[in-house]
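Student: here is the input, now give the coordinates:
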Amino acid sequence: MLSESSLQAALPAALASVDLPFLGARMSGKVRDIYRHAAHLILVTTDRLSAFDRILGLVPYKGQVLTQLAAWWFAETADIIANHLIATPDPNVTVAQVCEPLPVEVVVRGYISGVTSTSLWHQYSLGHRTIYGIDFPDGLRKNDALPAPIITPTTKARDGGHDERITSAEVVEMGLVAAPVWEQVCAAAIALFQRGQQLARRGGLILVDTKYEFGLTTDGALMLIDEIHTPDSSRFWIAATYADRVAAGQEPDNFDKEFIRLYYAAHGYRGEGDPFPLPADLAVQAAARYIRTYEMLTGETFVPGAWPAAPRIEANLRQWLATAGSSA
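Tutor: Have a look, this model is predicted:
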């Protein structure tokens, strides 16, 4: 595990995209810079951190953790569904197969938790007992386990807005995904989540909930895309302390982005208006949790790549494209 001082020293001073002009036009998301190169989609995961649908700041080595952890999960779940990973020629870079993303994000939840307006607990605490078209019993406590994992779809956020909550029935009724494909998606999502829970328990963690994205290849095959089971796309709790903390009415020890959300919520910010900048000491704490999650899940020690990122990434990508990439 990297020391606090080394993480502090690695904290970048400014928000910046990874500029790789030789690849052409850059399409930047909240935490990634995306390039289309021939038949490849090149995803460069930065250290930007987004929560409450806002970019809050930078977490050192976050991009490398997400890229390498997602690649590990792709390998661990490849027997369930094919994924878009072609190669990871750099610690920050995923070279992916181009496909058509489905317009629905598939959120699978195993616990009633969360602090955002779309979370199960927020809706339940307001008195709602039918959420995402699913009926919930009275008497649930915050952070209780659900009887079985459930799927709560959302549309993708547009124009800076929040994701729209919809039901599985509405996914088909609205024509977002054809019924046979949606059946495949739901079956794959539950199988992926169950595998994720199994491997998380092995590492001393609880996989609480997660987001999956799927796409269709040119021949219509379903494919897992984006990233899976990372501290950005999933919620993880420490298994050993979960029961005692919930019994005491406390938040479970978490090793994911919810750590940041809880901090902001405790200081009065829940996503409306402009957030205050991410404090440097909080960024370092977040980095330690991201890295520890990687190490607990994979059983490997995280070894960061060189900095600055852009020259190294360009050199590694040029080498890959000149060899394996030219024929991939």
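Student: poorly predicted segments of this structure, please.
Tutor: 157-163, 307-308, 325-328 (pLDDT under 70).
Student: identify the residue nearest the residue nearest to the spatial centre of it in space, chain neighbours excluded?
Tutor: Centrality entry for the chain: nearest residue to the mean C-alpha point is residue 233, 1.7 Å, by Cα atoms, centre = their mean. Leaving aside its chain neighbours, residue 233 sits nearest to residue 211 (4.9 Å; criterion: Cβ to Cβ, 6 or more residues apart in numbering). For every residue, glycine as well, the C-beta is placed using N, CA and C.
Student: so what's the one you found up against?
Tutor: Contacts for residue 211 were tallied using Cβ atoms under 8 Å, 6 or more residues apart in numbering; they are 105-107, 233-234.
Student: what's the answer for residue 138, then?
Tutor: Taking Cβ under 8 Å, 6+ apart as the test, what residue 138 contacts is residue 129.
Student: how about residues contacting stretch 230-242?
Tutor: 31, 50, 62, 65-66, 69-70, 73, 113-114, 196, 200-201, 204-211, 226-228, 252-258, 289-290, 293.
Student: just the buried ones from these?
Tutor: 31, 62, 65-66, 69-70, 73, 113-114, 196, 200, 205-211, 226-228, 252-258, 289-290, 293 (16 or more other Cβ atoms under 10 Å).
Student: picking up where we left off before, distance of the residue nearest to the centre of the chain from residue 11?
Tutor: For residue 233, the distance to residue 11 (Cβ to Cβ, to the nearest Å) stands at 23 Å.
Student: now the element after the strand or helix carrying the residue nearest to residue 233, going C-ward?
Tutor: Using DSSP states H and E, residue 211 sits in strand 205-216. Following strand 205-216 in sequence order, the next helix or strand is strand 222-225 (DSSP H and E).
Student: what is that following strand packed up against?
Tutor: Applying 3 or more Cβ pairs under 8 Å, 6 or more residues apart in numbering; DSSP states H and E, one finds that strand 222-225 contacts helix 179-202, strand 205-216.
Student: list the contacts of the helix or strand hosting residue 150.
Tutor: Element membership of residue 150, judged by DSSP H and E, is strand 145-155. Outside strand 145-155, the residues that touch it by Cβ under 8 Å, 6+ apart are 103-112, 118, 120, 131-132, 134, 163-168, 170-171, 176, 186, 189-190, 193-194.
Student: which of those residues fall within strands?
Tutor: Secondary structure defined by DSSP state E assigns 104-111, 131, 134 of the contacts of strand 145-155 to strands.
Student: you'd agree residue 306 is up against residue 312?
Tutor: Yes: Residue 306 lies in contact with residue 312 (Cβ atoms under 8 Å); the separation is 5.3 Å.
Student: of these two, give the one with the bigger neighbour count.
Tutor: Neighbour comparison, residue 306 and residue 312: the larger count goes to residue 312, with 16 against 8 (by other Cβ atoms under 10 Å).
Student: list the contacts for that one?
Tutor: Counted by Cβ under 8 Å, 6+ apart, residue 312 has contacts 90, 305-306.
Student: rewinding a little: just the buried subset of the contacts of strand 145-155, please.
Tutor: The buried subset of the contacts of strand 145-155 - by 16+ other Cβ under 10 Å - is 104-112, 118, 120, 131-132, 163, 165-168, 170-171, 176, 186, 189-190, 193-194.
Student: and the helix or strand containing residue 265, what does it pack against?
Tutor: Per DSSP H and E, residue 265 falls inside helix 258-266. Helices and strands touching helix 258-266, by 3+ Cβ pairs under 8 Å, 6+ apart, are strand 48-51, helix 280-298.
Student: re earlier: from residue 19, how far off is the residue nearest to the centre of the chain?
Tutor: For residue 233, the distance to residue 19 - Cβ to Cβ - is 25 Å.
Student: again, but for residue 296
Tutor: 34 Å.
Student: same drill for the two, tell me which one is more crowded.
Tutor: Set side by side, residue 296 and residue 19 show more neighbours around residue 296, with 17 against 13, by other Cβ under 10 Å.
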